[in-house]
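>>> Attaching a predicted model along with its sequence, questions to come.
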Amino acid sequence: MSISRRILMMTSLMAGAAFMAGPVAAQDPVRIAIVAKSLGNGFFEAAARGAEEAAKEVGNAEIIYTGPTSTTAEGQIEVINSLIAQRVDAIAISANDPDAVVPALKKAMQRGITVVSWDSGVAPEGREMHLAPSSDALIGQTIIKLAADHLPEGGKVAVLSATSTSTNQNIWIAEMKKVMDQYPDIELVATVYGDDLADKSYRETQGLLQSYPDLDAIIAPTSVGIVAAAQAVQDAGKAGQVNVTGIGLPSEMAGAVENGVSQSFAIWNPVDLGYATTMLAYNLATDQATAEPGAEIAMGRLGTATLDDDNQAAMSEPFTYDASNIEEFKDIF
Amino acid sequence: MIISFLKSREAILLGALIALILLVESRFSGFAMPRNLAAVFNDTSILIILALGQTLVILTRCIDLSLASNLALTGMVTAMLNAAMPGLPIVALLAVAVALGLIMGAFNGLLVWKLNIPPIVVTLGTLTIYRGIIFLVSGGSWVNSHEMSAAYKALPRAQMLGLPVLSWIAIVVIAGFAIGVNRTALGRAFYAVGGNPGAAVYTGIDVGRTRFSAFVIAGGLAGLCGYLWVSRYAVAYTDVAGGFELDIVAACVIGGISIAGGSGTVLGAVLGALFLGVIKNALPVAGISPFWQMAISGAAIIIAVAFNARKPPSRIILKHAEARS
């Protein structure tokens, strides 16, 4: 171990001792670095806005929003090293590679820096906790709720998925089926697979419309499928009659919401995600909470995050986008 | 003449197509209704146009695997142009699409003609190159329906004499091919070059130039389809029409276009494309498990090739000249 590293270790230990000695002084803000997958991506810019909101709320926090220019692990490692040199108090990272950034983050933790991952996780040994935007169960519950909310008298719904072997979609659909008994009037008539190809998804949607002329909603938990389904429903002249919903991106679904094909759809809210991540990082960095299995850590206006055995937590159910907020979000991501 | 048609491959394929439609009708009534069949034809239009382009290339003993990438790149370029300049008339965008397609086809053709690289290698390369360029020009982002102008999306959907314009474009292309392939010198040259390149040289046909022409025409059609595809599905992204090159080749093979070159008809290619189109449109409504869908498509191809394998041996008179060409 080199001399300089030993000195650094000592200072970080001293810093740790200072934290334990008393609350952070107001004139010494907690510096939280938000590391994006890459700069110039609307999703992460929005997360940074949420982080700023959280910083304002807690008062003595300062946000350093940074990231590499391209989505590479090497770029993120450089960024992490420079953050260590700047002696930030916390690093919150959305990783380009779950394993490649671990050594750099371990080094940061040895220096007493709080490390959390969000959005795209880091392997458990490289972070104190991970905040996922949502969980499989919450997504499954949300997609059926989206359809049911616009069918107060019940109706027929069909699922347009990606490929028949896509893990994510299959889990979400299974989670959705688990809660179907809460909606006794909603009947799931078919599950079809568009393979995440625009043309096949379009054709499968046409098939659904033909096979089930009284279909009320199509749930597409995939961003390619939901766009293609919306187009097929519009071309079939069934806008307003068949509601297309599921998981999609606001920028891609803006047209479908505007012309009434889609009443609403969902995906995680990047602003909330940045906000929640910052709250967690702040609470951990100021030792108001400890990251350990079962811990409940406050996330400000979003309630609390409960850590599982891998120190992971899910923020909330996906955020619903509809005509009231699509204009605001379509330029973000 | 009628009797000779009844014995032909095309007649067998037509019979199979009708049988297939009736089979689907028995499982899902309404499928064989004229309105639905028109919808199936419309849905298959792009495949028909590309299969015809591919037919020319295959007739000359070549193959073009880059058509779907060509389509995707021109589609992305027209969509981005439209998003950036909504005022640009659609005619201009169509011209850009066709021109871009022609250039990409010419690039394939030149490599095959001047550098004598095997076409499957050339187009396997350009397949990834053209696809890669999409990522370069778009930066990986999508062009979404609300960014496209209404006129951009309206053209293929506009109704004319009871059919969408997309269908009419396919009909015009089919008619053009029927005349061009059977009644022009270039059209006959495609057969001559593929049937017997050696003999073609002796009749004064430039084999390389003819192959180049085939690639250029196929490329231009792919460019046209690029616009049609993106405006039909109202979305452009890097993976548009991914894997479609194989559907195009499959349509030709089912249609009896011999991979060995020199044999095949326009009607065959159209029927082959329609056969695949009917399967694609029937499987979603016939309630067949998605796990079976690919196997069924594959089986259709193998059965078709087995039928087409009964090709009469062609006579090779000038071995020497053939070896040189």
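Alright, I've got the coordinates.
>>> drop to CA atoms for contacts and neighbour counts, all remaining ones
Fine.
>>> And chain A, split by domain according to the record?
A:3-133+A:270-316, A:136-267 (automatic domain parsing).
>>> Which one of these has the poorest average confidence?
Of all the domains of chain A, mean pLDDT reaches its minimum on domain A:3-133+A:270-316 (a mean of 84).
>>> Roughly how far does the nearest residue to A:T72 once chain neighbours are set aside sit from chain B?
Leaving aside its sequence neighbours, A:T72 sits nearest to A:N96 (CA to CA, 6 or more residues apart in numbering or on different chains; 5.9 Å). Separation of A:N96 from chain B (CA to the nearest CA, to the nearest Å): 16 Å.
>>> ok and the residue in chain B nearest chain A?
In chain B, the residue found nearest to chain A is B:H146; the distance is 4.4 Å by CA to the nearest CA.
>>> Look at B:A299 and say how many residues are nearby.
For B:A299, the neighbour count with other CA atoms under 10 Å in any protein chain shown is 12.
>>> Can you report phi and psi for it?
Dihedral pair for B:A299: phi -60, psi -40, per degrees, to the nearest 10.
>>> Show the contacting residues for it.
Applying CA atoms under 8 Å, 6 or more residues apart in numbering or on different chains to B:A299 gives no contacts.
>>> so what pLDDT did it get?
Per-residue pLDDT puts B:A299 at 85.
>>> Check the one 5 residues further on too.
Here the pLDDT value assigned to B:A304 is 76.
>>> likewise the one 5 residues further on?
pLDDT, the model's per-residue confidence, is 64 for B:A309.
>>> again with B:A192
At B:A192, the pLDDT recorded in the model is 94.
>>> ok, A:A236 - contacts?
By CA under 8 Å, 6+ apart, the contact list for A:A236 reads A:Q206.
>>> What ranges does the stretch 51-200 of chain B have for its helices?
B:67-84, B:90-114, B:119-138, B:150-154, B:165-183, B:185-195, B:197-202 (DSSP state H, counting those that start in this stretch).
>>> In the second one, which residues are buried?
Residues of helix B:90-114 classed as buried by neighbour count (16 or more other CA atoms under 10 Å in any protein chain shown): B:90, B:93-94, B:96-113.
>>> again, but for the fifth one
Neighbour counts over helix B:165-183 (16+ other CA under 10 Å) mark B:165-171, B:173-174, B:177-178, B:181 as buried.
>>> How about the backbone phi and psi for A:A61?
In terms of degrees, to the nearest 10, the main-chain angles of A:A61 are phi -130, psi 150.
>>> contacting residues around it?
By CA under 8 Å, 6+ apart, the neighbours of A:A61 are A:29-32, A:55, A:282.
>>> Kindly report the same for B:L274.
So B:L274 contacts B:17, B:41, B:44, B:48, B:251 (CA under 8 Å, 6+ apart).
>>> Can you flag which of those residues belong to helices?
Here DSSP state H is the test, and the contacts of B:L274 give B:17, B:41, B:44, B:48, B:251 as lying in helices.
>>> Could I get the pLDDT score of the fourth one?
Note on B:I48: pLDDT of 97.
>>> Quick check, it in contact with B:V266.
No - the criterion here is CA atoms under 8 Å, and B:I48 misses it with B:V266 at 10.0 Å.
>>> Pick out whichever of the two has more residues nearby.
With neighbours defined as other CA under 10 Å, B:I48 and B:V266 compare such that B:I48 has more, 29 against 26.
>>> interface residues of the stretch 1-150 of chain B facing chain A?
Residues of the stretch 1-150 of chain B lying near chain A by CA under 8 Å from any CA of the partner chain: B:142, B:144-146.
>>> Which of those residues are buried, as a ChimeraX select command?
In ChimeraX, this line selects whichever of these come out buried by 16+ other CA under 10 Å:
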select /B:142,144,145,146
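>>> just the residues of the stretch 1-150 of chain B next to chain A now: which is nearest B:P34?
Taking CA to CA as the measure, B:P34 lies nearest B:S145 of the residues of the stretch 1-150 of chain B next to chain A, at 30.1 Å.
>>> ok so, going back, please list only the buried members of the contacts of A:A61.
By neighbour count, with 16+ other CA under 10 Å, the contacts of A:A61 hold A:30-32, A:55, A:282 as buried.
>>> Tell me which of the helices of the stretch 51-200 of chain B sits nearest to A:K107.
Using CA to CA, the helices of the stretch 51-200 of chain B put helix B:119-138 closest to A:K107, at 35.8 Å.
>>> Kindly calculate the angle that that closest one makes with helix B:67-84.
Counting by axes from the mean of the first three to the mean of the last three CA atoms, to 10 degrees, helix B:119-138 lies at 20 degrees to helix B:67-84.
>>> Next, the buried residues of helix B:119-138.
Neighbour-count burial for helix B:119-138 flags B:119, B:122-123, B:126-127, B:130-131, B:134-135, B:138 (criterion: 16+ other CA under 10 Å).
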